[in-house]
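Asker: This is the structure alone, sequence omitted:
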(Lines give C-alpha, C1' and ligand atoms only; values in the text may rest on other atoms or scores of the structure.)
Protein backbone atom coordinates (compact mmCIF):
# COMPACT_ATOMS: atom_id res chain seq x y z
CA UNK A 1 0.00 0.00 0.00
CA UNK A 2 1.10 3.49 -0.71
CA UNK A 3 0.87 5.90 2.22
CA UNK A 4 1.46 9.10 0.26
CA UNK A 5 -1.28 11.70 0.12
CA UNK A 6 -3.52 11.12 -2.89
CA UNK A 7 -2.86 13.36 -5.88
CA UNK A 8 -5.27 13.91 -8.78
CA UNK A 9 -3.00 13.77 -11.83
CA UNK A 10 -5.71 14.01 -14.48
CA UNK A 11 -9.37 14.96 -14.45
CA UNK A 12 -11.92 14.51 -17.23
CA UNK A 13 -15.07 16.55 -16.71
CA UNK A 14 -18.10 15.30 -18.64
CA UNK A 15 -16.17 12.12 -19.42
CA UNK A 16 -17.79 10.65 -22.55
CA UNK A 17 -17.84 7.13 -21.09
CA UNK A 18 -19.84 8.28 -18.05
CA UNK A 19 -23.42 9.53 -17.72
CA UNK A 20 -23.83 13.27 -18.41
CA UNK A 21 -21.98 15.40 -15.88
CA UNK A 22 -19.75 12.50 -14.80
CA UNK A 23 -16.16 13.20 -13.81
CA UNK A 24 -13.26 10.75 -14.04
CA UNK A 25 -10.25 11.54 -11.87
CA UNK A 26 -6.97 9.64 -12.03
CA UNK A 27 -5.74 9.53 -8.44
CA UNK A 28 -2.12 8.65 -7.69
CA UNK A 29 -1.34 7.12 -4.29
CA UNK A 30 -3.14 7.68 -1.04
CA UNK A 31 -5.43 5.18 0.66
CA UNK A 32 -7.30 2.59 -1.40
CA UNK A 33 -10.42 4.27 -2.74
CA UNK A 34 -13.83 2.71 -2.10
CA UNK A 35 -16.18 1.36 -3.23
CA UNK A 36 -14.12 -0.50 -5.79
CA UNK A 37 -15.66 -1.73 -9.05
CA UNK A 38 -12.60 -3.30 -10.69
CA UNK A 39 -9.07 -4.23 -9.65
CA UNK A 40 -6.19 -4.20 -12.12
CA UNK A 41 -2.59 -5.43 -12.12
CA UNK A 42 -0.02 -3.12 -13.70
CA UNK A 43 3.02 -5.28 -14.39
CA UNK A 44 5.96 -3.57 -16.03
CA UNK A 45 9.33 -4.53 -17.45
CA UNK A 46 11.16 -1.32 -18.19
CA UNK A 47 8.82 0.59 -20.49
CA UNK A 48 6.80 -2.50 -21.35
CA UNK A 49 3.41 -3.31 -19.82
CA UNK A 50 1.92 -6.79 -19.46
CA UNK A 51 -1.55 -7.10 -20.96
CA UNK A 52 -4.16 -9.76 -21.51
CA UNK A 53 -7.25 -9.76 -23.71
CA UNK A 54 -10.51 -8.37 -22.30
CA UNK A 55 -13.41 -10.76 -22.05
CA UNK A 56 -15.95 -9.92 -24.71
CA UNK A 57 -14.16 -7.25 -26.76
CA UNK A 58 -10.77 -8.95 -27.02
CA UNK A 59 -8.98 -5.59 -26.60
CA UNK A 60 -5.65 -5.63 -24.79
CA UNK A 61 -5.80 -4.33 -21.23
CA UNK A 62 -4.26 -4.85 -17.83
CA UNK A 63 -5.25 -8.09 -16.10
CA UNK A 64 -8.53 -7.12 -14.46
CA UNK A 65 -11.14 -8.56 -12.11
CA UNK A 66 -14.64 -7.35 -11.28
CA UNK A 67 -15.27 -6.76 -7.58
CA UNK A 68 -18.23 -8.55 -6.04
CA UNK A 69 -20.87 -7.17 -3.72
CA UNK A 70 -19.59 -6.70 -0.18
CA UNK A 71 -15.93 -6.55 -1.29
CA UNK A 72 -15.82 -2.76 -0.90
CA UNK A 73 -12.04 -2.33 -1.25
CA UNK A 74 -11.61 -5.16 -3.77
CA UNK A 75 -9.36 -7.26 -1.51
CA UNK A 76 -11.11 -10.55 -2.31
CA UNK A 77 -11.15 -9.92 -6.07
CA UNK A 78 -7.52 -8.76 -5.98
CA UNK A 79 -6.36 -11.90 -4.14
CA UNK A 80 -8.03 -14.09 -6.77
CA UNK A 81 -6.61 -12.03 -9.65
CA UNK A 82 -3.12 -12.29 -8.14
CA UNK A 83 -3.52 -16.06 -7.75
CA UNK A 84 -4.60 -16.42 -11.39
CA UNK A 85 -2.06 -14.06 -12.97
CA UNK A 86 0.94 -14.41 -10.65
CA UNK A 87 0.47 -17.92 -9.31
CA UNK A 88 -0.02 -17.07 -5.65
CA UNK A 89 0.26 -14.35 -3.03
CA UNK A 90 2.98 -11.76 -3.68
CA UNK A 91 3.75 -8.36 -2.15
CA UNK A 92 1.68 -5.68 -3.88
CA UNK A 93 1.90 -1.90 -4.04
CA UNK A 94 -1.13 0.30 -4.55
CA UNK A 95 -0.51 2.67 -7.47
CA UNK A 96 -3.79 4.56 -7.46
CA UNK A 97 -7.19 4.51 -9.09
CA UNK A 98 -9.53 5.98 -11.61
CA UNK A 99 -12.34 7.51 -9.56
CA UNK A 100 -15.67 8.02 -11.33
CA UNK A 101 -18.07 10.53 -9.82
CA UNK A 102 -21.60 10.21 -11.18
CA UNK A 103 -24.30 12.21 -9.44
CA UNK A 104 -27.12 11.35 -11.86
CA UNK A 105 -26.79 7.70 -12.92
CA UNK A 106 -28.38 6.23 -16.01
CA UNK A 107 -29.76 2.67 -16.33
CA UNK A 108 -26.70 1.70 -18.45
CA UNK A 109 -24.21 2.80 -15.78
CA UNK A 110 -23.50 -0.35 -13.77
CA UNK A 111 -21.09 0.98 -11.13
CA UNK A 112 -21.74 2.36 -7.64
CA UNK A 113 -22.80 5.99 -7.38
CA UNK A 114 -21.98 8.68 -6.64
CA UNK A 115 -18.38 7.37 -6.52
CA UNK A 116 -16.78 4.21 -7.90
CA UNK A 117 -13.07 3.42 -7.93
CA UNK A 118 -11.11 1.23 -10.33
CA UNK A 119 -7.88 0.44 -8.51
CA UNK A 120 -4.47 -0.30 -9.97
CA UNK A 121 -1.84 -2.41 -8.19
CA UNK A 122 1.72 -3.39 -9.08
CA UNK A 123 4.39 -5.88 -8.07
CA UNK A 124 7.77 -7.05 -9.28
CA UNK A 125 6.53 -10.65 -9.59
CA UNK A 126 6.33 -12.00 -13.17
CA UNK A 127 3.06 -13.24 -14.68
CA UNK A 128 2.47 -16.98 -15.04
CA UNK A 129 -0.27 -16.67 -17.67
CA UNK A 130 0.00 -15.97 -21.40
CA UNK A 131 -0.23 -12.35 -22.39
CA UNK A 132 1.47 -9.62 -24.36
CA UNK A 133 4.19 -7.18 -23.34
CA UNK A 134 3.31 -3.91 -25.04
CA UNK A 135 5.19 -0.65 -25.28
CA UNK A 136 4.07 1.72 -22.54
CA UNK A 137 5.55 4.93 -23.95
CA UNK A 138 3.71 8.07 -25.04
CA UNK A 139 2.76 6.56 -28.43
CA UNK A 140 1.48 3.32 -26.89
CA UNK A 141 -1.78 1.71 -27.98
CA UNK A 142 -2.53 1.73 -24.25
CA UNK A 143 -2.56 5.54 -24.04
CA UNK A 144 -6.35 5.58 -24.51
CA UNK A 145 -6.96 3.56 -21.34
CA UNK A 146 -8.30 5.48 -18.37
CA UNK A 147 -5.55 4.09 -16.10
CA UNK A 148 -2.72 5.07 -18.47
CA UNK A 149 -1.61 8.21 -16.53
CA UNK A 150 -0.86 5.92 -13.57
CA UNK A 151 1.26 3.72 -15.84
CA UNK A 152 3.30 6.69 -17.08
CA UNK A 153 3.98 7.83 -13.51
CA UNK A 154 4.98 4.32 -12.42
CA UNK A 155 7.34 3.84 -15.37
CA UNK A 156 8.83 7.35 -14.94
CA UNK A 157 9.47 6.76 -11.23
CA UNK A 158 11.38 3.54 -12.07
CA UNK A 159 13.96 5.47 -14.13
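Answerer: Great, that's in hand. Predicted model, so just to flag it, every value in this text is computed and none were measured.
Asker: which stretches of this protein aren't confidently modelled?
Answerer: 1-3, 158-159 (pLDDT under 70).
Asker: quick one: the strands in it?
Answerer: 7-13, 23-28, 36-41, 44-45, 48-53, 60-61, 64-66, 93-101, 115-122, 132-135 (DSSP state E).
Asker: now those strands as TSV including mean neighbour count and distance to residue 143?
Answerer: The C-beta positions use only the backbone N, C-alpha and C, and glycine is treated the same way. Converted to TSV, the strands of the chain look like this (neighbours: other CB atoms under 10 Å; distance: least, CB to CB, whole Å):
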stretch	mean neighbour count	distance to residue 143
strand 7-13	14	12
strand 23-28	21	13
strand 36-41	23	16
strand 44-45	14	15
strand 48-53	19	11
strand 60-61	17	12
strand 64-66	17	17
strand 93-101	23	14
strand 115-122	23	15
strand 132-135	14	10
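Asker: so which of those strands comes closest to residue 153?
Answerer: With CB to CB as the criterion, residue 153 lies closest to strand 23-28 of the strands of the chain, at 5.8 Å.
Asker: Sheet-wise, list the partners of the closest one with their directions.
Answerer: strand 7-13 (antiparallel), strand 93-101 (antiparallel) (DSSP bridges).
Asker: so it versus strand 115-122, what angle?
Answerer: 30 degrees (axes from the mean of the first three to the mean of the last three CA atoms, to 10 degrees).
Asker: Pull the residues that contact strand 23-28.
Answerer: 4, 6-15, 17-18, 33, 95-101, 146-147, 149-150, 153 (CB atoms under 8 Å, 6 or more residues apart in numbering).
Asker: Apply 6 Å and report the result again.
Answerer: 6-13, 15, 96-101, 149, 153 (CB atoms under 6 Å, 6 or more residues apart in numbering).
Asker: How about the contacts made by the residue lying closest to residue 132 once chain neighbours are set aside?
Answerer: Leaving aside its chain neighbours, residue 132 sits nearest to residue 51 (5.2 Å; criterion: CB to CB, 6 or more residues apart in numbering). Residues near residue 51 by CB under 6 Å, 6+ apart: 60, 61, 131, 132, 134.
Asker: From residue 13, how far out is residue 51?
Answerer: Separation of residue 51 from residue 13 (CB to CB, to the nearest Å): 28 Å.
Asker: Check residue 77 too.
Answerer: On the measure of CB to CB, residue 77 and residue 13 end up 29 Å apart.
Asker: give the contact list for the residue nearest the centre of the chain.
Answerer: The centroid of the chain falls nearest to residue 120 when counting by CA atoms, centre = their mean (3.5 Å). If you count contacts by CB under 6 Å, 6+ apart, residue 120 has them with 40, 42, 95, 96, 147, 150.
Asker: Sounds good, over and out.
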